[in-house]
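In: Just the structure for this:
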Amino acid sequence: MLVVALLMVVCQLLAGDLLLLWNNHRRVTLIAALGITVGLSGGMGVETLGYKLLQGHTDSLWYKIEVTVEEFMEMLGASLILLSALKLRLNRTAGLASVDSIARSREFLKLRLARVE
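Out: Numbers count the residues shown, from 1 in each chain. Next up is the predicted model:
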């Protein structure tokens, strides 16, 4: 219960930033949310299901399959989160690069015109 209360406090503190992220970068936010969902469902859901069904039999083939699926889901979730962070960074860098390239092209034109004269 304490964890839920702390999670709600964190969400309230970050609500403005999360809404801004959702409004400006909806696809990136969806990819990140999908990554969190897949990672947590693999880490908590599949592991709990395997514990309840296999009851500690670690030498069976089903246990090995369960561990493989669980780890795959965790890594897929982490990869999706990293992908969304990279896409967000590239979106920001692309915006800055276009402004920077405009400034450089103006400087280049000024230098070029100065040489011609």
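
In: Could you list the low-pLDDT ranges of this structure?
Out: 94-117 (pLDDT under 70).

In: Nearest the middle, which residue of it would you pick?
Out: Central residue of the chain (C-alpha atoms, centre = their mean): Ile81, 2.3 Å from the mean position.

In: how about the helices in this protein?
Out: Ranges of helices in the chain, per DSSP state H, are 2-24, 26-40, 47-54, 61-116.

In: If you count neighbours, what's buried in the second one?
Out: For helix 26-40, a neighbour-count test (16 or more other C-beta atoms under 10 Å) marks 28-29, 31-32, 34-35, 38-39 as buried. For every residue, glycine as well, the C-beta is placed using N, CA and C.

In: Check the shortest one too.
Out: The neighbour-count check on helix 47-54 (16+ other C-beta under 10 Å) flags 47, 50 as buried.

In: For it, what is the distance to the chain centroid?
Out: Centroid separation for helix 47-54 versus its chain: 28 Å, with C-alpha atoms, centre = their mean, to the nearest Å.

In: do stretch 59-77 as well
Out: For stretch 59-77, the distance to the chain centre is 22 Å (C-alpha atoms, centre = their mean).
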